[in-house]
Structures are given as C-alpha cells and as structure tokens.
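> dropping the sequence and predicted coords here.
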Amino acid sequence: MSRLKEVLTQGGFAVTAECGPPRGADPEAVINKAVLLKGKVDAVNVTDNQTAIVRMSSLAACTLLKSRGLDPVLQVVVRDRNRIALQSDILGASALGIGNVLCLSGDHQSFGNQPDAVGVFDLDSIQFLQVVKAMRDEGIILGGDALTGAPDLFIGAAANPFGDPFSFRVVRLGKKIAAGADFIQTQCIYNLERFQQWMEMARDRGFTERVYILGGVTPLKSAGMAKYMKNKVAGMDVPEPVIKRMESVPPKSQGEEGIKICVETIQRLREMPGVHGVHIMAIEWEEKVGEIVERAGLMPRPEGI
Amino acid sequence: MITAEQKPIAEIRKMIEPYKRILVVGCGSCVAECAAGGEKETGMLASALRMAAKMEEKEVLIKERTLDRQCVKDFVIQLEDEIDRYDAVLSLGCGAGVQAVAEMYPELPIIPALNTVFLGETKDQGLWVENCVGCGDCMLFFFGGICPLARCSKQLLNGPCGGSMNGRCEVDADLPCAWQLIIDRLERFDALERLEKIYPPKAWSRKQGKGPRKIIREDQQRV
C-alpha cells in the first residue's frame, strides 16, 4: 500500500524526497539516508542508475527503505531493460510490497560510466506507463496474457515544463495521463514563471483534475552548482537572477541561500492551484530535507499507514 | 545507402600479414558513394599496401579489382576468372559484400577492410548521416518523414523527452532533436493531431526476429 497515494487521495499536500543508491553493495549507505528522511517526507524516490552510472539497483534499495518503514517510489528507466525485464520487475516490486513506481526514459547511456552499453529503449516511458496500468487494472501483460495476481502500484511519470517545444509539453503530459500516470513529478523548478504558465495550460486542459502534480525542487549548494545545472544538466532551466542571487552571497553562505530559494519556491508552489505536492531532490544533501520541509511549514507529516 | 569507413591501415595490414597473394576487391555501389570502398579507394588502398610491403622488403602480390555490386552473386561470380591465383581476398564491400564473397569462395579467407556503419543519406560533401534503422515497418508517414527510431537518441515513439532544449538533443548540442523536427514538420502540414495519440510498442520482431531476416518474392524467383 502506498502512503503517497493515501496522502494525495485524502487531499493532502504531499512531500517526497529522493535517495540515490550507492556505487557499491553496502546497505548502510541506503539505511543512513532512510534514517535522515524518516518522518520528514511521505515517500522516497529511489533513482535507477541515474545519469547512467552503475549503482545498487533501485529495487534492492527500495526494499531496504521499506524495511526501515519508508514508502519507496521505485524509479524504473526503459534505457536498460526490455519489455520482458520491465514487466518482471514490476511484478517483483509489488511482491516486495513496494507501492509506487515512477516510469522514466532514463538519462542517455552516453552520459555515464558505461558509454558502450546498448540503449535498450524497447518501450518508451509512455508505453511503459500503459503497460503498468494494464498490469494493475486489467491484470494482463503486454500481448494480453493474464497474470495470476495483479500488481498494486501507484503509478507516476515525469514531466519537464522547461523542455522544448514548450507548447507541446502539456500535450505530452496529457499523453502520460492517458497512458496511466496517477501522479507526476516535474523537473527541478527554478523558473517559476514558466512553471506557472505550464500549470495554467495543464489546468486549461483539465489535467490537474486527473493527475496529482508534484513540483520538483532541488536546493542549490553553491553558485557553482547553479551554473553547472544551467549549463551541463539536460533539460534544466536556471534563470540568470537565481544564479546572481547565489553569487551575491559569500561562498560559505551560499548553501543557506540555496535552501532559502528552495523554501520560497515550495511556498509559491503551495499557493499554485493544481499543485498537489513537492518532490525535493536534495542531491547528496539528504540531511537538509528535514530542515527544508520544516521551514516550508510542511511539518508534521501525516501519520504513516 | 549503406555507409562504411575504412579500417585503420595498421589493422588491415595485421589481418593480411600471413598472405602472399592478395586480391583487393572494391564495390561500386553504396561504399563507392560514401568514398570508402569504390574503385578509387580500392586503388589507393592497394597501392598503400604494396608500398608498405615494399618498404619492408616483403614479397607480396597485391592486385585490385572493383565489382559493380559485391553483395549480388551475379557480380561476385565475375571473380571466377582470376580468384585461383590468390590466397586471400581483402574486401572493401560492406558487411553484406564481404559475406557474399566469402560464401561464393568458401576455400579462401575473405578479410574485411571496412567497418560498415549505418543506413543513411549523403547530406553534404563528406557528410553522411544515419536516418533509417531498417525496422521492417515504416512509420515515416506518422512522423512527417522523420524517423524517431533512427534520429531520436532514445528511439522514442512518443517524444520528445525532457532533454530537448532549443531544438537540440540533450546528448549532443550539435544534434538536432528529432522530435522538434517532427513537430515542426507536422505543424507545417497542419497534422499535429497525429501526435496526440499514443503510439504502441514497436514490433521489434520485424527487425530482429529469428536469425537473419529474409525477403522472399516468388514473382522475382527464377523458374
């Protein structure tokens, strides 16, 4: 059972965080992050070999989080698995009690430490959403064969309001909803104006009534990180004023400034109609998540189920 | 057409090292168009190999010949009149050409001189670009004549992904986003509604089914 689903369906403003698995087999690395996040958020996303770097599997790390009482969101990318493996992992995740799945394309293999790997992309993320929905709602796999038991999963997808072409972004959101997304996590929001525009377009099409939208935020640790995100990270929109603001404070206070920006962004998102929660991606900075949630006025979190 | 590039000369020399009488066989079709294995390139490679052998005072016979099409038996058979004189063939055909020659002359080692790369188009002088993956079920109509399987880095049938920025692909800033091109083109034809539907998973069995694919046309077969 998904706690995230419970919070959202009961009309709450959801708070989720992210946990990147370690580049090794040590379970303590995951458990330490679980301890930091416990009670601070409703669910925790576990990334699936993000930036195409080999890490502990998302499924294993989700299970570790689950064992510590957290509600994991299994991220699954279509980059590394064909339709047989994807469907098999969905069944396995549900069997292990994982209640949420986030269906993604994945960062291209050329970005990571295995640039010679084959990019599978047998399904795309939208087709994958459709497959998971049919598994859950109709108890069938691709091709129509019946499952002996259907998986019970709250299904999520990603959306990037900052990608181009802008006018098509909301069309693609609609396709993800039609394919089966129950909730949407967005790319990190630094450009609130553009995000607002995208939300208006989503509202106009009635999408905010059909899907829960969680706005993505990432606290900036430094002005350098802001510039890196702007210039090097795919699909990221960090406006100049944000970079200027980070640069306007001395380096040792830039982390605090980044958290302030993050908290202010969350507050703006809370006021925006159709935004149902926030997804805090504090990259290797999980210890700050509790503070951000607290300062954004989102504590305490609803009691666990 | 099928595009190819010549292997480094050192790699070629290593492969032909054991042989004393080598026939270098070019192909006048696709690999000639992409300036990798046509008559001109075949002549140049044969000369370079002869020169290198001479420098090392090795006695090697290297002759060249270019067939119109190395992947068609009717042309490969033209080698019949001289093939017995050689102990190896260095082929500048694509992978299909190399294998066609090998099948026709099973007693001879056939060595590839090219790396076959992709199915593509001559975009400009000295520029060839991949634009078809040979999926066996052409979808170009739906995508305004731009193939997302060949031209989108993630092969998305329901793109664009979140990494499309200013018309460029996230993988390489020099690479146009195929989905931006698709959207622009469909917009021009007032056909953007084609992208509202969800395209289902591709039947990859048409590309990689059971071993090598075949096209059988009885109307074309000899009676």
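Thanks, I have it.

> hey, let's count contacts and neighbours off CA atoms from now on
Fine.

> residue of chain B closest to chain A, please.
Closest to chain A within chain B is B:Gly163: 4.3 Å, counting by Cα to the nearest Cα.

> is A:Thr16 in a helix, a strand, or coil?
Secondary structure, DSSP: H, G, I helix; E, B strand; the rest coil: A:Thr16 is strand.

> ok, back up a step: pretty sure the residue of chain B closest to chain A is touching A:Ala234, no?
Yes: counting by Cα atoms under 8 Å, B:Gly163 touches A:Ala234, with 5.1 Å between them.

> which residues are in contact with both of those two?
Common neighbours of B:Gly163 and A:Ala234, using Cα atoms under 8 Å, 6 or more residues apart in numbering or on different chains, are B:Glu170.

> which of those two has more neighbours?
Comparing B:Gly163 with A:Ala234 by other Cα atoms under 10 Å in any protein chain shown, the one with more neighbours is B:Gly163, at 22 against 17.

> and residue 63, what is it in contact with?
Using chain A. Contacts here follow Cα under 8 Å, 6+ apart; on that basis A:Thr63 touches A:72, A:96, A:98.

> actually, chain B is the one I wanted.
Counting by Cα under 8 Å, 6+ apart, B:Lys63 makes contact with B:22-24, B:46.

> by neighbour count, which of those residues wins?
B:Val24 (24 neighbours).

> dig out what that residue forms beta bridges with.
Residues in a beta bridge with B:Val24, per DSSP bridges, are B:Glu64, B:Leu90.

> for the helix of greatest length in chain B, packing partners?
Ranked by residue count and defined by DSSP state H, the top helix of chain B is helix B:39-55. Using 3 or more Cα pairs under 8 Å, 6 or more residues apart in numbering or on different chains; DSSP states H and E as the contact test, the elements touching helix B:39-55 are strand B:21-27, strand B:61-67.

> with mean pLDDT added, can I get these in JSON lines?
Shown next, in JSON lines, are the helices and strands packed on helix B:39-55 (pLDDT from 0 to 100):
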{"stretch": "strand B:21-27", "mean pLDDT": "98"}
{"stretch": "strand B:61-67", "mean pLDDT": "98"}
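
> can you list the strands that the strand ranked longest in chain B pairs with?
Longest strand in chain B, counting residues (DSSP state E): strand B:114-124. Based on DSSP bridges, the pairing partners of strand B:114-124 within the sheet are strand B:2-6 (antiparallel), strand B:127-132 (antiparallel).

> tell me which of those sits most buried.
Stretch with highest mean neighbour count among the strands paired with strand B:114-124: strand B:2-6 (a mean of 21; mean count of other Cα atoms under 10 Å in any protein chain shown).

> I'd like the mean pLDDT over that strand, please.
Averaging pLDDT along strand B:2-6 gives 98.

> likewise stretch B:80-87?
When pLDDT is averaged along stretch B:80-87, the result is 96.

> which positions within that stretch qualify as buried?
For stretch B:80-87, burial by neighbour count (16 or more other Cα atoms under 10 Å in any protein chain shown) applies to B:83, B:86-87.

> what does stretch A:139-159 give?
A:139-142, A:150-159.

> near chain B, which of these show up?
Contacts with chain B within those, as defined by Cα under 8 Å from any Cα of the partner chain: A:Ala159.

> reformat the buried residues of stretch A:139-159 as JSON lines; add pLDDT.
Output for the buried residues of stretch A:139-159, formatted as JSON lines (pLDDT from 0 to 100):
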{"residue": "A:Gly139", "pLDDT": "98"}
{"residue": "A:Ile140", "pLDDT": "98"}
{"residue": "A:Ile141", "pLDDT": "98"}
{"residue": "A:Leu142", "pLDDT": "98"}
{"residue": "A:Ala150", "pLDDT": "98"}
{"residue": "A:Pro151", "pLDDT": "98"}
{"residue": "A:Asp152", "pLDDT": "97"}
{"residue": "A:Leu153", "pLDDT": "98"}
{"residue": "A:Phe154", "pLDDT": "98"}
{"residue": "A:Ile155", "pLDDT": "98"}
{"residue": "A:Gly156", "pLDDT": "98"}
{"residue": "A:Ala157", "pLDDT": "98"}
{"residue": "A:Ala158", "pLDDT": "98"}
{"residue": "A:Ala159", "pLDDT": "97"}
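
> among the buried residues of stretch A:139-159, name the ones in strands.
Among the buried residues of stretch A:139-159, the ones falling in strands (DSSP E) are A:154-159.

> now, among these, which is nearest to B:Ile215?
Distances from B:Ile215 to those, taken as Cα to Cα, are shortest for A:Ala157 (40.2 Å).

> quick check: the closest one vs A:Val132, distance?
According to Cα to Cα, to the nearest Å, A:Ala157 stands 11 Å off from A:Val132.

> B:Val129 too?
As defined by Cα to Cα, B:Val129 lies at a distance of 36 Å from A:Val132.

> for B:Ala150, same thing?
Separation of B:Ala150 from A:Val132 (Cα to Cα): 26 Å.

> can you pick out the residue with more neighbours from those two?
Applying other Cα under 10 Å to B:Ala150 and A:Val132 shows that A:Val132 carries more neighbours, namely 30 against 21.

> quick check, the more buried one in a helix?
Yes: assessed by three-state DSSP, A:Val132 belongs to a helix.

> correct me if wrong: it contacts A:Ile90.
Yes: here A:Val132 reaches A:Ile90: they are 7.4 Å apart, a contact under Cα under 8 Å.

> for the record, mean pLDDT for the one helix or strand A:Val278 maps to?
For A:Val278, the host element (DSSP states H and E) is strand A:275-280. When pLDDT is averaged along strand A:275-280, the result is 98.

> following it in sequence, what is the next regular element?
helix A:289-295.

> so for that following helix, mean pLDDT?
In this model, helix A:289-295 carries a mean pLDDT of 97.

> other SSEs contacting that helix?
If you count contacts as 3+ Cα pairs under 8 Å, 6+ apart, helix A:289-295 packs onto helix A:27-37, helix A:254-271.

> deepest in the core, which of these is it.
helix A:254-271 (a mean of 19).

> how about residues contacting that helix?
Contacts of helix A:254-271 (Cα under 8 Å, 6+ apart): A:13, A:189-190, A:192, A:215, A:217-223, A:246-247, A:249, A:275-278, A:292-293, A:295-296.

> and A:Asn45, what helix or strand is that in?
Using DSSP H and E, A:Asn45 sits in strand A:43-46.

> buried ones in that strand, by neighbour count?
Within strand A:43-46, judged by 16+ other Cα under 10 Å, the buried ones are A:43-46.

> and it, how far from the chain's centre?
Centroid separation between strand A:43-46 and its chain, computed with Cα atoms, centre = their mean, to the nearest Å, is 8 Å.
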